[in-house]
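S.K.: Got a sequence here, can you build the structure:
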Amino acid sequence: MVDEDLESKGDLWMDAIDSEKEGDRVETLRICRELVGTEPDNSDAWMTIARMELPAPTKGKQEMPDLSQTAKSMTALRKVVDLDPENRRAWDLGGTLLVDHLGMMEDALSWWERRREFAPTEVTPLIEQISILVRMGYYEDCADLIEEMFSPEMDAVDGGVRMRMGRVSQTVSKASKMESDEIFRPNDPKHARWDVIERLKKKKPISQGIFLMLFVAPMAFFVGSVSMMFIGNSGWSLPIVFIILLVTVVGISRLSMNLLQSINRHALDLERAIDYETTTGQVCIPGSIRESPLYSSLMKSKMPAIKERVSLIVESAEKMPKKWDLDRP
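M.R.: Numbering: from 1, shown residues only. Here you go, the predicted model:
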């Protein structure tokens, strides 16, 4: 009888594999759900459920999951990491869904903390936790994690991860300098930054592309023109001017990002307020700002699941406590 049960489960798993190869996601999902009903510790079947609950990958524009799809996938992923903590793909997908599609920052911090329990020398969980903390304005916690991230005890990383480590460290530095006077806490309705956001609520954020075109391009053109005047028309003039122009564009772009961040600070502040709402499930954004062009422009870029969550949160109208604080690991 035991052998027959094992053979039956094996047949179901092979059927699921065949269905997925044929592109029948509905049948694959049905089979895997049947399989975990009789074999709840099958991590491969749970991982397949997590993937099948999400829209199919496409070569063109990728369809993003709605709230129901995201929640079902996340439920399956929690099963996967319970059964197979070494499944890095499950950890990465779960982290992405929690932050980008659900906006549940506290849950995401806990998610990556659990990963650290199983992989204490892995760098990726630290990068993800730092990224979350800087979004929420907890810079002191970021400093401790950055020190740990660059410690010699951590695993060796490739060039791509090394670049991510550098970028997240720079992000913390820039953001903390921008808020060196006072860190914006959206749960405080009397915080001075709310008055700034109210005053600038009709001003949409300037994109990096437009900013570079309006600010960097004219300066680069000026430097290039001046360089040609001084260098002349010798055979080496064009290569030299090109190098000067390239260095100028890179240098001005890096320096001007601080200026762009300052210009868009009201939008960054409102982004944080949205993160606070999706994290707590409670509202803190005033109605006058929620009806503004600024708020609409920020929500337009959000994932469908987050838009649905925000609508439900606003509908509940539960106020965020003034003394709320992020639960950090």
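S.K.: Mind telling me which residue is nearest the centre of this protein?
M.R.: Among the residues of the chain, the one closest to the centroid is Asp100, at 4.8 Å (Cα atoms, centre = their mean).
S.K.: Which residue is the nearest non-sequential neighbour of that one?
M.R.: Met303 (5.9 Å; Cβ to Cβ, 6 or more residues apart in numbering). C-beta coordinates here come from the backbone N, C-alpha and C atoms, glycine included.
S.K.: from what I can see the one you found touches Gln62, true?
M.R.: No. Applying Cβ atoms under 8 Å, one finds Met303 not in contact with Gln62, separated by 11.2 Å.
S.K.: So for the two, which residue has more residues nearby?
M.R.: Met303 (19 against 10; other Cβ atoms under 10 Å).
S.K.: From Glu271, how far off is Ile197?
M.R.: Remark: distance between Ile197 and Glu271 (Cβ to Cβ, to the nearest Å) = 11 Å.
S.K.: do the same with Arg328
M.R.: Counting by Cβ to Cβ - Arg328 and Glu271 are separated by 20 Å.
S.K.: on that earlier part again, who has more neighbours out of Ile197 and Glu271?
M.R.: Ile197 (25 against 17).
S.K.: hang on, the more buried one packs against Ile289?
M.R.: Yes. Using Cβ under 8 Å, Ile197 makes contact with Ile289 at a distance of 5.9 Å.
S.K.: Now the common contact residues for the two.
M.R.: Jointly contacting Ile197 and Ile289 under the rule Cβ atoms under 8 Å, 6 or more residues apart in numbering are Leu270.
S.K.: element containing Asp195?
M.R.: Element membership of Asp195 [criterion: DSSP states H and E] is helix 192-199.
S.K.: Which positions within that helix qualify as buried?
M.R.: Arg193, Trp194, Ile197 (16 or more other Cβ atoms under 10 Å).
S.K.: Check stretch 32-49 too.
M.R.: The neighbour-count criterion (16+ other Cβ under 10 Å) identifies 32-33, 35-36, 39, 42-49 as the buried residues of stretch 32-49.
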